[in-house]
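Undergrad: this is a predicted model, with the sequence first.
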Amino acid sequence: SRCGLSAHAQMLSLTVTSAVAATLRFTAGLGYPILPVEHRPRSAPVVMASVLTVCKGGSCGTNGGSTLLDAACVFAAGCDRELLDVKTANCCGECPVGVMIRPSYKIPSYIALAATAEQAMDSAEEAISATGASVRPEMRQVFQLAQEAERIFADGFSVDAIAAAAAALAAIPTDLLEPWQPPLEPEGTSWEGTSWEESLHGSSLVLSESTANFEFGTVGANLTLCGCEVDADNRQLSGDWEGSDGSSGSFVLTMSEDGRFFRGQLDGGEASERIWEGMRLGVGTGMRRRRRGAEPPLKAAWIHDLLLRRSRLLLAKGDTNLALEGAQQAVALCCRAASGYALLAEVAEACGDSEAAAAAHRENRWLQSFA
């Protein structure tokens, strides 16, 4: 029962000591009981389609929670992507001599050992096995190499750090380097009823619901767009503009193919051919707002991080070509993660490719904006 202890748990509480019985509490926010166990994983019924959660806060963190979470992520990456996910758990307040872990929502939490890397690997494999999935044998070596790279990274830039990252990446099965995130859907190319963050006044360009309206758009009290029309492809918007100071002229804006940005120019006024750029604003408000991008899933985040760290080290070394290759791999792996595009822009600039750098900057900006 989610509202109280199960009959089995109530009967069990009669037979254990009062100290152990005191540990029969609910997992915070879930309503599932945490049953008393030995300080090692117990056998659990096998179920499929699971979300494996690991606590790494409080005593769990001190007892190796982060290492166990890392092992679970590496091992789960090699399992069916649709059947097993890994997440961190909210602190349950149990503070055990070990780490609280839960293979799935259908299996109660229990205490796992993770004081050493070997214990963490054993505990992660046992928890994953409880879900019905199996760990690839080669993933143990991958985890060990990733941990070694992490240890060397802590010492800063060195040739050893580059070599350690390369060794860990080389050991990863090739199928795990396939994309982990689907690309974002295009925004569409309609101008009507949209809002844009614009460059001329550092404000918002707000467009009305129809170009049939004489006053089609405004930029605060600074600018009004009048007599507007769109081309056959609905991507080019043109018309006249009037400024609050009495100035006027014409404009032409072209929307990007994915509907995210526009670029064009205003003619007339104090300066001719002023470049005007903008980015589409989202429609969410308040608590409904969400970032367009997304962090890599935990099962892939460690691969993404290895690629980024190696790329940064190579950039610091001056090997821009390999650094660019690593940044491009990170972007391909997790195309919704803004951090990959931020590094790609930096590396592209170092390579002297201003066009690629500008494209990466735009994507980074887009992913960090709100939908």
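TA: Now that the structure is in, tell me what you want to look at. Numbering: from 1, shown residues only.
Undergrad: the stretch 251-371 of the chain: helices as residue ranges?
TA: Remark: helices assigned in the stretch 251-371 of the chain by DSSP state H, counting those that start in this stretch are 298-317, 320-333, 338-350, 354-368.
Undergrad: so residue 67 belongs to a helix, correct?
TA: Yes: under DSSP: H, G, I helix; E, B strand; the rest coil, residue 67 falls within a helix.
Undergrad: what residues are up against it?
TA: Residue 67 is in contact with 114, 117, 120, 147, counting by Cβ atoms under 8 Å, 6 or more residues apart in numbering. C-beta coordinates here come from the backbone N, C-alpha and C atoms, glycine included.
Undergrad: most neighbours of all those residues, which one?
TA: Within the contacts of residue 67, residue 114 tops the neighbour count with 29 neighbours, counted by other Cβ atoms under 10 Å.
Undergrad: ok, so what distance separates it from residue 148?
TA: As judged by Cβ to Cβ, to the nearest Å, residue 114 and residue 148 stand 17 Å apart.
Undergrad: quote the end-to-end distance of stretch 290-308.
TA: Its first and final residues considered, stretch 290-308 spans 25 Å by Cα to Cα, to the nearest Å.
Undergrad: start the count at 244, not 1, going forward
TA: With the count now opening at 244, the last piece we talked about shows up as stretch 533-551.
Undergrad: what residues sit buried inside that stretch?
TA: Neighbour counts over stretch 533-551 (16 or more other Cβ atoms under 10 Å) mark 535-536, 539-551 as buried.
Undergrad: again with stretch 552-563
TA: 552-558, 563.
Undergrad: helices and strands of this structure: which one has the lowest mean pLDDT?
TA: Across the helices and strands of the chain, the lowest-confidence element by mean pLDDT, DSSP states H and E is strand 268-269, at a mean of 30.
Undergrad: nearest to residue 580 among the buried residues of stretch 533-551?
TA: Residue 580 has its nearest neighbour among the buried residues of stretch 533-551 in residue 539, at 5.1 Å by Cβ to Cβ.
Undergrad: who's in contact with that closest one?
TA: Applying Cβ under 8 Å, 6+ apart, the residues contacting residue 539 are 423-424, 547, 576-577, 580.
Undergrad: coming back round to it: can you check which of the helices of the stretch 494-614 of the chain gets nearest to residue 479?
TA: Closest among the helices of the stretch 494-614 of the chain, using Cβ to Cβ: helix 597-611, at 19.2 Å.
Undergrad: hang on, the earlier thing: ok, the contacts of residue 539 vs residue 435, which is closest?
TA: residue 424 (30.6 Å).
Undergrad: give me the pLDDT value at the closest one.
TA: pLDDT, residue 424: 97.
Undergrad: who does the residue nearest to residue 507 when sequence neighbours are not counted form a beta bridge with?
TA: Residue nearest to residue 507 in three dimensions, not counting chain neighbours: residue 496, with 3.5 Å by Cβ to Cβ, 6 or more residues apart in numbering. In this entry, residue 496 is beta-bridged to residue 480, residue 507, by DSSP bridges.
Undergrad: pretty sure residue 496 contacts residue 509?
TA: No: assessed by Cβ atoms under 8 Å, residue 496 is found out of contact with residue 509, at 9.2 Å.
Undergrad: of those two, who's got more company?
TA: residue 496 (25 against 22).
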